[in-house]
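Novice: build the 3D model from these lines:
(one chain, ligands or ions: 2)
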Amino acid sequence: MLVAMSVGATDQEIEDVKGHIAAEGLTAHESRGLERVVIGVVGDIAGRKERVMGRLSALPGVDSVTPISRPFKLASREFHPADTIVRVLGTIIGDGSLTLMAGPCSVESRDQLFETADAVAAAGATVLRGGAFKPRTSPYSFQGLGIEGLGYLAEARERTGLPVITEVMEPTDVSVVAEHADILQVGTRNMQNFPLLTAVGRAGRPVMLKRGLAATIEEWLMSAEYILSAGNPDVILCERGIRTFDTWTRNTLDVAAVPLLHHVTHLPVVVDPSHATGKRWLVRPMALAGVAAGADGIMVEVHPRPDEAWSDGEQSLTLGQFSDLAPMLRTIHGEVRGLSRDPLVVR
Ligand code: PEP
Ligand code: MN
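Specialist: Residues are numbered from 1 along each chain as shown. Ligands and ions are numbered 1, 2, ... in the order given. The predicted structure is shown next:
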């Protein structure tokens, strides 16, 4: 439920409300708007909702108490009407600008990463991606350079000034990945790895949560809720395609998820057309479609020589293809933003 404090409620009144919430065994999440403080109350409230709502409504300084209808409370727009904006180094995600995350599927060597990082930075990428711990379908495929790869990513950040995103696969790796990277990625195969979600929720770094291969929007947002409820407000969602009956694309990009998410949640939404399609020549049209649908950003795999890539070469853009794509995405983004001044068009 949502406790809206009156405009001008005192700090003591706010603390008293939080004290009552804690005394009920529930958790208070405070959100300070320009005018007033809103306190989200989360926890299992079955069987005592009416009583708790009545008690809280009667406290001094409380304006209203309303239930949050969605099961994902902290992720819902009801709790947090304004868009969440994630700030990381000089990059801002979710403020209406276009985030371009680009880099190799896997970090293969210092040279390969630096060559890619220099090129994508020059082409206007705002975040550098690169996998050090790779979730591979086959145990015989390249599993990533691990900590050596994290070191190269940190060096590439120094070199380009771009924040770095990389996947973390295990709760025990969260601290070492958080030491090297600026944004932690939770991959598709781990979307419902609840101990991992809780661990990244405590890591003090923004998290990008990819949609599970067969996850509904609601399951995905419940996973985001794990991260938010562990105390991390900086969650970014990434639509990367879902498993359907078709086999001609690696996955099926759910473009409608983008405006739908913007409707129900305040979290920024990124589209990954590389894993969604599995085919290099489909990446550009699907990246453009993602931006046209209102995505806050795009994540694409880029490799200097895709045919020699150690993973996902078929879906990786060349350096030249990325530098051609970036301005096209910016053009479409500018057009969509022009239209979205009419709120009915996009959000
Ligand atoms: C990736 O982005 O490196 C990756 C493995 O993607 P996904 O989890 O979407 O398959
Ligand atoms: Mn990949």
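Novice: what ranges of the stretch 201-347 of the chain fall below the confidence cut-off?
Specialist: Residue ranges of the stretch 201-347 of the chain with pLDDT under 70: 340-347.
Novice: count the neighbours of residue 79 for me.
Specialist: Neighbour count of residue 79, defined by other CB atoms under 10 Å: 23. Where C-beta positions appear, they are placed from N, C-alpha and C, glycine not excepted.
Novice: with adjacent residues omitted, what lies nearest to residue 272?
Specialist: residue 240 (4.0 Å; CB to CB, 6 or more residues apart in numbering).
Novice: with residue 148 instead?
Specialist: residue 132 (7.7 Å).
Novice: give me the pLDDT for that neighbour.
Specialist: The score at residue 132 is 98. That number is its pLDDT.
Novice: what does it show for phi and psi?
Specialist: phi -110, psi -40 (degrees, to the nearest 10).
Novice: tell me if I'm right that it and residue 146 touch.
Specialist: Yes. At 5.9 Å, residue 132 counts as touching residue 146 under the criterion of CB atoms under 8 Å.
Novice: the two - which one has more neighbours?
Specialist: residue 132 (28 against 14).
Novice: and residue 285, how far from residue 110?
Specialist: Noted for residue 285: a distance of 33 Å to residue 110, by CB to CB, to the nearest Å.
Novice: which non-adjacent residue is nearest residue 337?
Specialist: residue 96 (6.6 Å).
Novice: now swap in residue 299 and tell me
Specialist: The nearest residue in space to residue 299 (CB to CB, 6+ apart) is residue 101, at 4.0 Å.
Novice: A helix includes residue 245, no?
Specialist: No. Counting by DSSP: H, G, I helix; E, B strand; the rest coil, residue 245 falls outside a helix, being coil.
Novice: which residues does it contact?
Specialist: By CB atoms under 8 Å, 6 or more residues apart in numbering, the contact list for residue 245 is empty.
Novice: could you check how far it is from ligand 1?
Specialist: 19 Å (CB to the nearest ligand atom, to the nearest Å).
Novice: ok, now residue 208?
Specialist: For residue 208 relative to ligand 1 (CB to the nearest ligand atom), the value is 9 Å.
Novice: the closest residue to ligand 1 within the stretch 1-150 of the chain bridge partners, please.
Specialist: Closest contact between the stretch 1-150 of the chain and ligand 1, by CB to the nearest ligand atom, is at residue 131 (4.5 Å). When bridges are called by DSSP bridges, residue 131 pairs up with residue 106.
Novice: my read: it touches residue 168, true?
Specialist: No. If you go by CB under 8 Å, residue 131 and residue 168 don't touch, sitting 10.4 Å apart.
Novice: can you give me the neighbour number for residue 81?
Specialist: Residues near residue 81, counting by other CB under 10 Å: 11.
Novice: does it belong to a helix, a strand or coil?
Specialist: Assignment for residue 81 (three-state DSSP): coil.
Novice: measure the residue of the stretch 1-150 of the chain closest to ligand 1 to ligand 2 for me?
Specialist: 7 Å (CB to the ion, to the nearest Å).
Novice: and that residue, how many neighbours?
Specialist: Considering only other CB under 10 Å, residue 131 is surrounded by 28 other residues.
Novice: the closest residue to residue 95 other than its chain neighbours: neighbour count?
Specialist: In space, and not counting its chain neighbours, residue 95 is closest to residue 85: 4.7 Å by CB to CB, 6+ apart. Neighbourhood size, residue 85 [other CB under 10 Å]: 15.
Novice: roughly how far apart are residue 85 and residue 119?
Specialist: Taking CB to CB, one finds residue 85 at 28 Å from residue 119.
Novice: ignore the last one, residue 77
Specialist: On the measure of CB to CB, residue 77 and residue 119 end up 38 Å apart.
Novice: before we move on, what about residue 206?
Specialist: Distance from residue 206 to residue 119, by CB to CB: 24 Å.
Novice: which parts of this protein sit against ligand 1?
Specialist: Contact residues, the chain versus ligand 1 (CB under 6 Å from any ligand atom): 105, 131, 135, 167, 187-188, 210, 240, 275.
Novice: so which of those residues sit within helices?
Specialist: residue 275 (DSSP state H).
Novice: show the buried residues in the residues of the chain next to ligand 1.
Specialist: 105, 131, 167, 187-188, 210, 240, 275 (16 or more other CB atoms under 10 Å).
Novice: which one of these sits closest to ligand 2?
Specialist: Nearest to ligand 2 out of these is residue 105 (CB to the ion; 3.3 Å).
Novice: how about the nearest residue to that closest one, chain neighbours excluded?
Specialist: That would be residue 312: by CB to CB, 6+ apart, it lies 3.8 Å from residue 105.
Novice: where does the stretch 101-250 of the chain get nearest to ligand 1, residue-wise?
Specialist: Counting by CB to the nearest ligand atom, the stretch 101-250 of the chain gets nearest to ligand 1 through residue 187 (3.1 Å).
Novice: ok, now how distant is that residue from residue 45?
Specialist: 33 Å.
Novice: equivalent analysis for residue 114, please.
Specialist: 52 Å.
Novice: same question for residue 284.
Specialist: In this view, residue 284 and residue 45 are 48 Å apart by CB to CB.
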